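1. Pasting the sequence and the predicted model now:
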Amino acid sequence: MAHKILDDCTGCGECIQVCPVSAIAGEPGEIHTINELRCVDCSVCGMSCPVGCVVDNDGNVVPVTPQENRAKPLLSKRLCVLCMLCVDLCRFKAFYVQRPIPQGKMPSEVFYDETKCVGCGLCAKECPVNAITMIPFR
C-alpha cells in the first residue's frame, strides 16, 4: 500500500522536497499525487505537510511532526561493514564518508549528520547487517 494525499492539498511542494524516494509529483498550487509503486510508507510526506492532508495506508491522517521530533537512525560502528548502502541510499546525504578517498582505499568510517536526516528510516530498513536502528524521539 501507499500513502495518499487528500483533496485539501494546497500544492505547496513540501512533500516533494522531503520524500526520500521521489515518489511525489505535482505542480505548485495543484493537488499532488503519490506514486504507489515508489512509496515506501515512511510517512515523511505527512509529517512535513503543513496542512495535514496525507493519510497512511490505514486511512489515518499522518500527524505533522517537526523534523527534530522524529525518530533518528543510530549507526553501530561495531556492526557496520562499510558496505556504503546507507551512503548511496540517503538522498539527503545524512550518511557520508570523508572525501577524498585515496585511490584503491576503502573508507574507514561512515559518518552521520542528524541535521540532514528527514527520519524516513530507509537506511535502517535496508541495512544488510542491521547496523542501523531507528531511535524514537523522547
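-> That came through fine.
2. Can you give me the buried ones in stretch 23-37?
-> Within stretch 23-37, the residues scored as buried using 16 or more other CB atoms under 10 Å are 23-24, 26, 32, 34. In short, each C-beta sits where N, CA and C put it, glycine included.
3. Next: stretch 46-60.
-> Neighbour-count burial for stretch 46-60 flags 46-49, 53-54 (criterion: 16+ other CB under 10 Å).
4. from those, which single one is nearest I135?
-> Taking CB to CB as the measure, I135 sits nearest to M47 out of these, at 16.0 Å.
5. That closest one contacts C120, doesn't it?
-> No: contact between M47 and C120 fails when scored by CB atoms under 8 Å: they sit 9.5 Å apart.
6. State the distance from the residue nearest the centre of the chain to P28.
-> Of all residues in the chain, the one closest to the mean position by CA atoms, centre = their mean is C120, 3.1 Å from it. C120 is 23 Å from P28, where distance means CB to CB, to the nearest Å.
7. just to revisit the earlier point, what about the buried residues of stretch 23-37, which are in strands?
-> If you go by DSSP state E, these have 24, 34 in strands.
8. Over to T133. Which of the three states is it?
-> When classified by DSSP: H, G, I helix; E, B strand; the rest coil, T133 comes out as strand.
9. when you give positions from now on, start the count at 618
-> Sure thing, new numbering starts at 618, so read that last one as T750.
10. any idea how far it lies from E644?
-> On the measure of CB to CB, T750 and E644 end up 38 Å apart.
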